[in-house]
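>>> Structural data only, the sequence is not supplied:
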Ligand SMILES: *Cc1c(COP(=O)(O)O)cnc(C)c1O
């Protein structure tokens, strides 16, 4: 028996264990194909032509794909700027040695201004209070802080109202501690069939830009397009496009599928951790909401809702094993889920005999079968953005170059 008090040395947490890859440490992992990121950005480059800048949007840990790795690959594949949603995300990138411009896409709390200056992040600005506080802090250390003005043209989320943008600029533009480096807006309906609201936002943005120029203010880098607008509306490209979901190989909506070819970068895998026959009528998992119909093998996978597989998918989703689709059964647990391999002979399907250690596809392709993030999102009544972010929560990532 180990006497912990007398052992004298701490257990080795840094040795061979950390040299194991994520897929060896735990039998559940996310695989990210960095080559897909490069190919997707190449597709966007072809789509927008040589002169428009690309901002790679890597907020929310790069939609679950891993912010540092994706940012590096995106910059090596032609992106010139990075977009994040808060200061912490920007600091993570700087600490990883990334020097490219990083835009914080909405105005952060004033408390973050020292960190913004220290890490040379570029904040979005939509209030005079923030802009002047930033200017004072920068001027105090003889610096000029860049900012992008965010204009709300109709989404009513963040940004200065389009009609108030000239007034805001009149209030802050004089300050020697800040410099307007760009102006942007965000579309609420660029991925919708109906184009009415999109057109209204676009027109309002043009009007705001015109007024700024009339005031003698150079708007700098003008940008408006997310993935959907980049694909659908050339007139929104201006000087830069902000590509998020498309870089990851996912479509913002079914409308864009025929307009550009993209390659999903994320797959999710697990290995079977236990297999057992469950006799007819016996239940499986919490609540025993699934009962064995007879001659089946139940396989266990070591991932669950804490890894992004929502409990609401219980009994609705499938997994792929040896090219076959097998139903997930019973309630999905925090850390595990079960699937059924029917052993009764049938003319219409293969009989699969799972073994401990077999690799199972949760998201991805196997033979001529495929399960996409869109498939899982549809089962949940949500969107692929939401699904991708969930898988970034606890699963470690394995990168393919
Ligand atoms: C998230 C975000 C984007 C990227 O949107 P996608 O639809 O993923 O391309 C662009 N701009 C802003 C302001 C965002 O918040």
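Cool, the structure landed. Small disclaimer: the values here were computed from a predicted structure and weren't measured.
>>> CA atoms for contacts and neighbours, from now on please.
Fine.
>>> so what's residue 287 up against?
residue 331 (CA atoms under 8 Å, 6 or more residues apart in numbering).
>>> Those residues of this structure touching the ligand, which are they?
Residues of the chain lying close to the ligand by CA under 6 Å from any ligand atom are 57, 105, 186, 226, 227, 242, 243, 244, 245, 252.
>>> Which of those fall in strands?
If you go by DSSP state E, those have 57, 242, 243 in strands.
>>> Please give me every residue in contact with the last one.
Meaning residue 243. Here residue 243 is in contact with 54, 55, 56, 57, 225, 226, 227, 230 (CA under 8 Å, 6+ apart).
>>> Also the second one?
In this structure, residue 242 makes contact with 54, 55, 56, 57, 83, 223, 224, 225, 226, 227, judged by CA under 8 Å, 6+ apart.
>>> Show me what the third one bridges to in the sheet.
Read that as residue 56. residue 82, residue 243 (DSSP bridges).
>>> That one and residue 78 touch, don't they?
No. Between residue 56 and residue 78 no contact is recorded; they are 9.4 Å apart, counting by CA atoms under 8 Å.
>>> Have a look at the two and say which one is more surrounded.
Taking other CA atoms under 10 Å, residue 56 and residue 78 do not tie; residue 56 has more neighbours (28 against 16).
>>> Nearest to the ligand: which residue in the stretch 301-401 of the chain?
Ranked by CA to the nearest ligand atom, the top residue of the stretch 301-401 of the chain for proximity to the ligand is residue 385, at 7.4 Å.
>>> hang on, residue 32 is in a strand, isn't it?
Yes. Counting by DSSP: H, G, I helix; E, B strand; the rest coil, residue 32 is found in a strand.
>>> And it, how far from residue 363?
Remark: distance between residue 32 and residue 363 (CA to CA, to the nearest Å) = 11 Å.
>>> so what sits against both of those two?
With CA under 8 Å, 6+ apart, residue 32 and residue 363 have common neighbours 266, 267.
>>> Return the distance of residue 212 relative to residue 347.
Separation of residue 212 from residue 347 (CA to CA): 71 Å.
>>> So what sits opposite residue 398 in the bridge?
According to DSSP bridges, residue 31 are recorded as the beta-bridge partners of residue 398.
>>> can you count the residues close to it?
Neighbours of residue 398 (other CA under 10 Å): 19.
>>> Not counting its own residues, what contacts the host helix or strand of residue 170?
Assigned by DSSP states H and E, residue 170 belongs to helix 165-172. Here helix 165-172 makes contact (CA under 8 Å, 6+ apart) with 127, 128, 131, 132, 151, 160, 208, 211, 212.
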